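Trainee: Sharing a sequence plus its predicted fold:
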Amino acid sequence: MAPLVQPASLGDVLKYEVNPNYTRETITLLAGIAYPVGSVLGRITASGLYTLASDAGIDGAEVAAAVLLYSVDAMLADTVGVTIARGPAIISRASLTYGATVDDAAKTAAKIAELAALGIIARDTA
């Protein structure tokens, strides 16, 4: 019998937040992607939509701006999601997902630093 695998959940990502009314924001995600819980998001300057934070481009999404708290299927249309947009908050580093161009330790560290500037701290042992 194959083992059952439970998908990641809010508890896998978020370890502490000071006050959900302060730290969380409802945002709109760019269509075309199924966003998993723990997605590190960047904000596209021109449209205000969020997408996976990348290392390439000059549209604004290259700067980490939030972490998605619930998975969102935005394959067909722009869709609303709930994020941690500011701290104080602690998240699990192991549960984070990035855009395809964030593909090495230096780029990941840069995204972690961008989140830290917002008060969102990633911990290995959270």
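Mentor: Now that the structure is in, tell me what you want to look at.
Trainee: Strands along the protein, start to end?
Mentor: 14-17, 24-29, 33-35, 40-43, 50-52, 64-68, 72-74, 79-84, 89-92, 120-123 (DSSP state E).
Trainee: Can I get these in JSON lines including mean pLDDT?
Mentor: Shown next, in JSON lines, are those (pLDDT from 0 to 100):
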{"stretch": "strand 14-17", "mean pLDDT": "95"}
{"stretch": "strand 24-29", "mean pLDDT": "98"}
{"stretch": "strand 33-35", "mean pLDDT": "96"}
{"stretch": "strand 40-43", "mean pLDDT": "96"}
{"stretch": "strand 50-52", "mean pLDDT": "96"}
{"stretch": "strand 64-68", "mean pLDDT": "97"}
{"stretch": "strand 72-74", "mean pLDDT": "97"}
{"stretch": "strand 79-84", "mean pLDDT": "98"}
{"stretch": "strand 89-92", "mean pLDDT": "97"}
{"stretch": "strand 120-123", "mean pLDDT": "97"}
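Trainee: Figure out which of these is closest to residue 98.
Mentor: Closest approach to residue 98 among the strands of the chain (C-beta to C-beta): strand 40-43, 5.2 Å. To be clear about C-beta, it is placed using only N, CA and C from the backbone, and glycine gets the same treatment.
Trainee: what separates that closest one from the chain centre, distance-wise?
Mentor: The chain centre lies 6 Å from the centre of strand 40-43; the measure is C-alpha atoms, centre = their mean, to the nearest Å.
Trainee: Quick one: the strands of the chain as TSV, columns for distance to residue 101 and mean neighbour count too.
Mentor: Output for the strands of the chain, formatted as TSV (distance: least, C-beta to C-beta, whole Å; neighbours: other C-beta atoms under 10 Å):
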stretch	distance to residue 101	mean neighbour count
strand 14-17	25	18
strand 24-29	18	17
strand 33-35	14	17
strand 40-43	11	24
strand 50-52	9	24
strand 64-68	13	24
strand 72-74	19	17
strand 79-84	21	18
strand 89-92	21	22
strand 120-123	19	20
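Trainee: For residue 110, which of those is the nearest?
Mentor: Closest approach to residue 110 among these is made by strand 64-68 (8.3 Å; C-beta to C-beta).
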